[in-house]
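Engineer: no sequence for this one, just the structure:
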C-alpha cells in the first residue's frame with residue numbers, strides 16, 4: 001500500500017471521527033451519521049488495501 005493511500009485513509013477516518021464527535025456534541029444526528037460513515041469508509045478502504053498487499057505478498061512468495 002502506498003504511503004499516500006495510507007495517509008488518505010487515515011485522514012478520512014480522523015475526519016469522520018471528528019465529525020461524529022461534533023455531531024454528538026451539538027445534537028446534530030445528521031452530522032454524526034455522516035461522520036460515522038466517513039470513518040467506516042476510511043477503515044474499509046484501509047482493509048481493502050491491506051488485502052491487496054497480502055495478495056501481492058503471496059503472489060511474490062510463489063515466484064521465488
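Structural biologist: Received, thanks. In this text, all values refer to a predicted model and were calculated from it rather than measured experimentally.

Engineer: Every contact and neighbour count from this point should use C-alpha atoms.
Structural biologist: Noted.

Engineer: Okay, buried residues for the helix or strand harbouring residue 4 please.
Structural biologist: Taking DSSP states H and E as the criterion, residue 4 maps to helix 3-26. For helix 3-26, burial by neighbour count (16 or more other Cα atoms under 10 Å) applies to 6, 9-10, 12-23.

Engineer: One more: stretch 50-63?
Structural biologist: Per 16+ other Cα under 10 Å, stretch 50-63 contains no buried residues.

Engineer: For the closest residue to residue 6 other than its chain neighbours, grab phi and psi.
Structural biologist: What sits nearest to residue 6 in space, not counting adjacent residues and going by Cα to Cα, 6 or more residues apart in numbering, is residue 46, at 7.1 Å. Backbone geometry at residue 46, expressed as degrees, to the nearest 10, gives phi -60, psi -40.

Engineer: Residue 46: neighbouring residues, count only.
Structural biologist: When neighbours are defined as other Cα atoms under 10 Å, residue 46 has 20 of them.

Engineer: quick one: low-confidence parts of this protein?
Structural biologist: 1, 64 (pLDDT under 70).

Engineer: And residue 53, how far from residue 34?
Structural biologist: Distance of residue 53 to residue 34, given as Cα to Cα, to the nearest Å: 29 Å.

Engineer: Fine, thanks again, bye for now.
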